[in-house]
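> my questions concern the predicted model and sequence given below.
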Amino acid sequence: MDYLQTRPKENYIQENDWQELYVLTKHWKSDLLFYKDDLKFLHHLIDKYFIWITKKDNLEDVRKIGVSILQDTTAVKNLLNKVRSHLSHLANLIDEPFKNDAEQIRTEHQELEDLIAVFIKQVRQNRKQLFSITEHVLESEQLTHLMKK
């Protein structure tokens, strides 16, 4: 999502207070949880129709996108762990502002924002590719009757 890179102000992370960064991070967590569920659905979609594929080229295409979906699933789990850790750091900074390295946490926030933006772009690309492959497979394998169930 490009909105992650378009901040209200150019130096948003450096100037905003910790509570606002905490709220933003909570939104990231919510978005990532949605993507985690979405990836679970996509994986289920692949599993459900994979057994009906007979053409070798189609099998290979579906296998490749399946690997990408699994990589995205691993990535979202890693990002969720980083977001949880960052939320903890922000909460500690809010509670005890002078016992924590504020600059390090702002850098962590920036890096996390960049990682999430790359992740979301990748998931969207893989999702689009999966739907394209699914459409092609359903047509070429003549499996449209399966979608009516």
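Looks like it came in fine.

> how much space separates Trp18 from Leu42?
36 Å (C-beta to C-beta, to the nearest Å). Every C-beta, even on glycine, is put in place using the N, C-alpha and C of the backbone.

> actually Asp57, not the one I wrote
Asp57 is 21 Å from Leu42, where distance means C-beta to C-beta.

> what's the nearest residue to Trp18 once chain neighbours are set aside in contact with, if anything?
Nearest residue to Trp18, sequence neighbours excluded (C-beta to C-beta, 6 or more residues apart in numbering): Ile94, at 4.8 Å. By C-beta atoms under 8 Å, 6 or more residues apart in numbering, Ile94 lies in contact with 18-19, 22.

> who wins for neighbours among those?
Trp18 (20 neighbours; other C-beta atoms under 10 Å).

> ok, that residue - contacts?
Applying C-beta under 8 Å, 6+ apart to Trp18 gives the contacts 90, 93-94, 97.

> so what does the helix or strand where Ile105 lies touch, helix or strand wise?
Per DSSP states H and E, Ile105 falls inside helix 102-140. Contact here means 3 or more C-beta pairs under 8 Å, 6 or more residues apart in numbering; DSSP states H and E; on that basis helix 102-140 packs against helix 12-15, helix 18-50, helix 56-95.

> okay, buried residues for the second one please.
So the one you mean is helix 18-50. Across helix 18-50, burial judged by 16 or more other C-beta atoms under 10 Å covers 18, 21-22, 24-25, 28-29, 31-32, 35, 39, 42-43, 46, 49.

> sorry, back to before: adding mean pLDDT and distance to Val137, write the helices and strands packed on helix 102-140 out as CSV.
Shown next, in CSV, are these (pLDDT from 0 to 100; distance: least, C-beta to C-beta, whole Å):
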stretch, mean pLDDT, distance to Val137
helix 12-15, 56, 44
helix 18-50, 90, 7
helix 56-95, 92, 5
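
> which one is Leu90 nearest to, not counting chain neighbours?
Tyr22 (4.5 Å).

> so who does the one you found touch?
Per C-beta under 8 Å, 6+ apart, neighbours of Tyr22: 87, 90-91, 94.

> pull out the buried members of the residues you listed.
Going by neighbour count (16+ other C-beta under 10 Å), the contacts of Tyr22 have 87, 90 buried.
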